[in-house]
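[1] when you get a sec, could you give me coordinates for this:
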Amino acid sequence: MKASLNIRRSAPERWERYEVPFEPGQTVLDGLRWIRVHHDPGLAIRFSCINANACKECMIQVDGKTVYACTTRLAEREMRLEPLPNKALVKDLVTEIAAPDERL
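    Below is the predicted model:
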């Protein structure tokens, strides 16, 4: 079983499609981490699940809806992943999370 993640990449802007192994219960973040380990270590994603104080870092858009990658279930179909549209893009799926007046 496979899931297909169609990811909007930056620099240059393009769409890349990745096939990832699918098992029920996996999350989109699991799929993204698998891609980084097995296909593309340069894929920019942000997550900090080990630190509860930094939660919400994995927020992206999946199929046009704003979600947390760590709680959104991977599906055995094509899923479209994009960065948040209302935040400044850093790279790939990573957007600026701090408010402008909080940045150093």
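[2] now the helices for the protein?
    With DSSP state H, the ranges of helices along the chain come out as 28-38.
[3] list the buried residues of stretch 81-94.
    L81, E82, P83, L84, L89, D92, L93, V94 (16 or more other C-beta atoms under 10 Å). Glycine gets a C-beta too; all of them are placed from N, C-alpha and C.
[4] in CSV, list those residues along with pLDDT and distance to T66.
    Rendered in CSV, the data for the buried residues of stretch 81-94 read as follows (pLDDT from 0 to 100; distance: C-beta to C-beta, whole Å):
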residue, pLDDT, distance to T66
L81, 98, 12
E82, 98, 10
P83, 97, 11
L84, 95, 7
L89, 94, 15
D92, 97, 17
L93, 96, 12
V94, 95, 15
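[5] find the pair from those with maximum spatial separation.
    Among the buried residues of stretch 81-94, the pair separated by the greatest distance (C-beta to C-beta) is L81 and L89, at 13.6 Å.
[6] grab the CA positions of stretch 24-43 and hand them over as PDB.
    As requested, the backbone C-alpha atoms of stretch 24-43 are provided in PDB (Å, rounded to 0.1, in the frame of the first residue of the first chain):
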ATOM      1  CA  PRO A  24      -3.200   2.700   8.700                       C
ATOM      2  CA  GLY A  25      -2.700   5.100  11.600                       C
ATOM      3  CA  GLN A  26       0.300   6.900  10.100                       C
ATOM      4  CA  THR A  27       0.300  10.700  10.000                       C
ATOM      5  CA  VAL A  28       1.200  13.100   7.200                       C
ATOM      6  CA  LEU A  29       4.300  14.000   9.400                       C
ATOM      7  CA  ASP A  30       5.300  10.300   9.300                       C
ATOM      8  CA  GLY A  31       5.200  10.500   5.500                       C
ATOM      9  CA  LEU A  32       7.200  13.700   5.400                       C
ATOM     10  CA  ARG A  33       9.900  12.300   7.700                       C
ATOM     11  CA  TRP A  34      10.000   9.100   5.600                       C
ATOM     12  CA  ILE A  35      10.600  11.200   2.500                       C
ATOM     13  CA  ARG A  36      13.500  13.100   4.200                       C
ATOM     14  CA  VAL A  37      15.200   9.800   5.300                       C
ATOM     15  CA  HIS A  38      14.700   7.800   2.100                       C
ATOM     16  CA  HIS A  39      14.400  10.300  -0.800                       C
ATOM     17  CA  ASP A  40      15.100  13.900  -0.200                       C
ATOM     18  CA  PRO A  41      17.000  15.100   3.000                       C
ATOM     19  CA  GLY A  42      16.700  18.700   1.600                       C
ATOM     20  CA  LEU A  43      12.900  18.800   2.000                       C
END
